[in-house]
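# model this:
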Amino acid sequence: AEAAAAPEGLDGVVRAIVAGREVAGNKALVAWFTTTKASTLTAQTAKEALAQTLPPYLVPSIVHHLDAFPLLANGKVDHAALPLQPKTTTTTTQEAMTPEQAALAQIWAEALGVPKVGLDDSFLDLGGDSLSSLQVIVRMQQKGIPDTVARGILQGRTIRELAAGTTASTCSFAVYHDGP
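The predicted structure is shown next:
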């Protein structure tokens, strides 16, 4: 209920719908909204505003700004016609360079069903949510990445930030286990 009501509280929003949908084989929280003509709110700024007020797991993975909601002949919203995929799913950031970065990028891309993940892409911005994060965390654990690093994905951290933590955590982890 909190996630569904939050977009309607944003300045300029006329109507909003938030629903769980299956996107690229994963469940995702998706929001659609319309605004007044004078509003400057975009999908990105709406998502950023929601991230300021909602816990990370309630922030919709995908946010769409619509000119108007698609309607059925009876005037009700045609939920089946609402767009699911973000307008772009390709990364515009630098690609992974280190083995740690490449491993994390591959895990994220597989779990989220996106072709590429860049160093500065946020897990949440790529469509990740609490369910897909569990898949990612399990895969990261299987590769020996510490839990403290893996949990950073729900904070919207990037591959670059997580990989830096992986290197530092892995080193301290090895010292702990190899010590006297």
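
# For the residue positioned nearest the centre of the chain, grab phi and psi.
Centroid-nearest residue in the chain: residue 124, 1.8 Å away (criterion: Cα atoms, centre = their mean). Backbone torsions of residue 124, given as degrees, to the nearest 10, read phi -70, psi -40.

# and residue 50, what element?
In this assignment (DSSP states H and E), residue 50 forms part of helix 43-53.

# Correct me if wrong: residue 109 contacts residue 116.
Yes. In terms of Cβ atoms under 8 Å, residue 109 counts as a neighbour of residue 116; the distance is 6.4 Å. Every C-beta, even on glycine, is put in place using the N, C-alpha and C of the backbone.

# quick one: the nearest residue to residue 161 once chain neighbours are set aside and residue 122, what's the gap?
Residue nearest to residue 161 in three dimensions, not counting chain neighbours: residue 152, with 6.8 Å by Cβ to Cβ, 6 or more residues apart in numbering. Using Cβ to Cβ, to the nearest Å, residue 152 is found at 11 Å from residue 122.

# Residues contacting the helix holding residue 50, please?
Outside helix 43-53, the residues within contact range by Cβ atoms under 8 Å, 6 or more residues apart in numbering are 6-7, 9-10, 13, 31, 33, 41, 59-60, 63-65, 86, 124-125, 156.
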